[in-house]
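J.: sequence and predicted model, in that order:
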Amino acid sequence: MEQWLTSDLHLGHVNIITYSGRPFSGPEEMNEAIVSMWNETVAPRDRVLVLGDVAMGRIAETLPIAGRLNGSKVLLAGNHDRCADFLGKKTDEWTQRYINDGGFAEVHQGTMRIDLGAGHRDVLGCHFPYRGDSTHELRYAAQRPADEGEWIVHGHVHEAWLQADRQINVGLDAWGGRIVHVDEIVALIESGPRDLPRIAWPS
């Protein structure tokens, strides 16, 4: 069993193609490419932690696409997930839909500890980084964890960076559309704080 991390799939989101430079003609092509790349990488018994923002658009149509993705999937809710408790919209009902329709084994809120495997410490996970955003405005300040000097694995900022100091962005738009193996997170941490730009989607 392998462990993977990702974020910000934005399945069904038309505008993300332009916003984040995804090389697709429309959301249907994008959705199918994400499913194909994911399932070529992830085995059915692997564990995948998704740090938020799974599906958008008509949720009854886009959430079941997540159900086609391999692995035992764990969701840490982001600002575009209707099950996020800070949105205050029938969290329990939406959580059940993400489990039933999206195929998630678990749904979590806020922050969580991520086990990096034998011989390694765990790391903080959240949809939001300590600081920075994909826009000029710092959004969702109340949902961001306090920076107490530890590393954080996050999403939310799309293509803004792959790494910014001790913040590691696992979003699809930072990794060229692919999900991230936990060993890659370990390697980045062991290399120390630094700034790394995104990896572009393949054209």
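T.: Looks like it arrived, so ask away.

J.: packing partners for the longest helix along the chain?
T.: Taking DSSP state H as the criterion, the chain has its longest helix at helix 27-41. Under the contact criterion of 3 or more CB pairs under 8 Å, 6 or more residues apart in numbering; DSSP states H and E, helix 27-41 touches helix 16-19, helix 59-66. To be clear about C-beta, it is placed using only N, CA and C from the backbone, and glycine gets the same treatment.

J.: cutoff 10 Å now
T.: strand 3-6, helix 16-19, helix 59-66 (3 or more CB pairs under 10 Å, 6 or more residues apart in numbering; DSSP states H and E).

J.: give the pairing partners of the next helix or strand after it; include direction for each.
T.: Next in sequence after helix 27-41, counting helices and strands by DSSP states H and E, comes strand 47-50. Note on strand 47-50: by DSSP bridges, its sheet partners are strand 3-6 (parallel), strand 72-76 (parallel).

J.: format these as CSV; extra columns: distance to Gly12 and mean neighbour count.
T.: As requested, these are exported to CSV (distance: least, CB to CB, whole Å; neighbours: other CB atoms under 10 Å):
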stretch, distance to Gly12, mean neighbour count
strand 3-6, 16, 24
strand 72-76, 16, 23
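
J.: now mean pLDDT and distance to Thr135 too, for these, in a markdown table please.
T.: As requested, the strands paired with strand 47-50 are exported to a markdown table (pLDDT from 0 to 100; distance: least, CB to CB, whole Å):
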| stretch | mean pLDDT | distance to Thr135 |
| --- | --- | --- |
| strand 3-6 | 98 | 21 |
| strand 72-76 | 98 | 21 |
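
J.: how about the strands of this protein, start to end?
T.: 3-6, 47-50, 72-76, 104-108, 111-114, 123-126, 152-154, 163-165, 167-169, 180-181, 194-196 (DSSP state E).

J.: out of the strands paired with strand 47-50, which gets nearest to Ala118?
T.: strand 3-6 (11.4 Å; CB to CB).

J.: pull that closest one out as PDB, backbone CA atoms only.
T.: C-alpha atoms of strand 3-6 as PDB (Å, rounded to 0.1, in the frame of the first residue of the first chain):
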ATOM      1  CA  GLN A   3       0.300   6.800   0.300                       C
ATOM      2  CA  TRP A   4      -0.400   9.800  -1.900                       C
ATOM      3  CA  LEU A   5      -1.400  13.400  -1.400                       C
ATOM      4  CA  THR A   6      -3.200  15.900  -3.700                       C
END
